[in-house]
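[1] got a predicted model here, sequence first, then my questions.
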Amino acid sequence: MNYSKCVVCYRAVGWIGLAANLALSVLKLVVGVVSGSHALVVDALYSGKDVVTSLLIILGLKLARQPIDDEHQFGHGKAEFLFSVVIGLALIITTVLILYFEAGKLIQGIHQAPHLIALWTAIFAVGANILLTMYTRCVAFQINSPMVAVLSKHQKSDAIASVAVACGIIGSHYLGMPWLDTLVAVGECIDLGYMGGEVFVHAIRGLMDVSAPQEVVAMIRDRAAIIQGVQKVEVVQTRRVGQEIWVSVLIGVDPDLTIQEARKISVLVERALHESIPHIGEAHVRFQSVSGSLPELDYLLRKGLGAYP
């Protein structure tokens, strides 16, 4: 985290998202039913999924912060990916069901323009979701949380969806197209289903120990290579563990160095990675001589030849 204030946001993001999205969801659902806006009712589902996401963030971040123990020697960070799988599946199943009913209404051709109160509600929702998007995006960047990143993406999609709802209501009233509200509802369902698929795939990749982005791997390789004594960066391996990136690096060093000297270089590399690469969790740096032999074997061989006293 870049600022001490981020700790406050880190602890509060789930609760703020829960309260704000619960209020928006209830508001849009009630107004949507009263005004007869199918699009606004489906839009309530956008906020509803964020209520679930916020609840899982509260649970997930609490679990992910637990220290390493004998049964979880790589920490509890993957809990966030497990909860993200739940969110993705819930979105896919829910939107498929709603899409079935909304598409049926569109095919039947019986439509009525919703009351204009739905328009003002949609405009209010756009503003609220823009503020929530800015807030959650900042928190997600600072703590590198996949679940908060999911929430931020959802808040942005909520704002776009509410804009579409507003346009649909305007078209229904002023352009003589009462079916436009239902059409927007169908489009929202398709978008929600697609979003659920993205969340599900991303979570599965995290559970499968997908590596960090290539630009992060390149930063790790470049940072290790400039440390004095490092002749070659042989291997860089990364894995996502919740909010953190765990790194394993194999460096090549001068064959004439002692084990202690080579170890000092590897410690310098570890320290440099922690200081310069964001969200590094564990950094383990191994070394070998540039000839490619294992350090222990190389040491014994050269000791037998009189390289060491």
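    Alright, I've got the coordinates.

[2] okay, and the closest residue to residue 18 other than its chain neighbours sits in which element?
    With sequence-adjacent residues excluded and distances taken as Cβ to Cβ, 6 or more residues apart in numbering, residue 18 is closest to residue 54, at 3.8 Å. In short, each C-beta sits where N, CA and C put it, glycine included. Element membership of residue 54 [criterion: DSSP states H and E] is helix 38-64.

[3] packing partners of that helix?
    For helix 38-64, the packing partners by 3 or more Cβ pairs under 8 Å, 6 or more residues apart in numbering; DSSP states H and E come out as helix 6-35, helix 79-108, helix 117-143, helix 146-174, helix 180-207.

[4] export the ones you listed to a markdown table and append columns for distance to residue 238 and mean neighbour count.
    As requested, the helices and strands packed on helix 38-64 are exported to a markdown table (distance: least, Cβ to Cβ, whole Å; neighbours: other Cβ atoms under 10 Å):
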| stretch | distance to residue 238 | mean neighbour count |
| --- | --- | --- |
| helix 6-35 | 23 | 18 |
| helix 79-108 | 15 | 17 |
| helix 117-143 | 18 | 20 |
| helix 146-174 | 15 | 23 |
| helix 180-207 | 12 | 20 |
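
[5] looking at those helices, which is nearest to residue 228?
    helix 117-143 (31.8 Å; Cβ to Cβ).

[6] how far off centre is the closest one?
    17 Å (Cα atoms, centre = their mean, to the nearest Å).

[7] between helix 38-64 and that helix, find me the angle.
    Relative orientation of helix 117-143 versus helix 38-64 (axes from the mean of the first three to the mean of the last three Cα atoms, to 10 degrees): 20 degrees.

[8] what sits against the residue found closest to residue 55 once you drop the neighbours it is linked to in the chain?
    Excluding the flanking residues, the one nearest residue 55 by Cβ to Cβ, 6+ apart is residue 18, at 6.2 Å. Counting by Cβ atoms under 8 Å, 6 or more residues apart in numbering, residue 18 touches 51, 54, 55, 58.

[9] reformat those residues as TSV; add neighbour count.
    Below are the contacts of residue 18 laid out as TSV (neighbours: other Cβ atoms under 10 Å):
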residue	neighbour count
51	19
54	25
55	18
58	17
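
[10] between the residues you listed, which is nearest residue 25?
    residue 51 (5.9 Å).

[11] how about the contacts made by that closest one?
    With contact set as Cβ under 8 Å, 6+ apart, residue 51 has these partners: 17, 18, 21, 22, 25.

[12] show me this protein divided up by domain.
    6-207, 214-304 (automatic domain parsing).

[13] returning to that earlier point: show me which of the contacts of residue 18 is closest to residue 99.
    The nearest member of these to residue 99, counting by Cβ to Cβ, is residue 51 at 20.4 Å.

[14] check that closest one and give its pLDDT.
    According to the prediction, residue 51 has pLDDT 83.

[15] gap between it and residue 126?
    18 Å (Cβ to Cβ, to the nearest Å).

[16] and if you look at residue 235?
    Distance from residue 235 to residue 126, by Cβ to Cβ: 48 Å.

[17] what does residue 234 give?
    Counting by Cβ to Cβ, the gap from residue 234 to residue 126 is 52 Å.

[18] now residue 200
    Applying Cβ to Cβ, the value for residue 200 to residue 126 is 27 Å.

[19] tell me which of the contacts of residue 18 has the lowest pLDDT.
    residue 58 (75).

[20] low-confidence stretches in this protein?
    1-8, 10, 60-79, 101-102, 104-111, 144, 146-147, 209, 242-243, 291-309 (pLDDT under 70).
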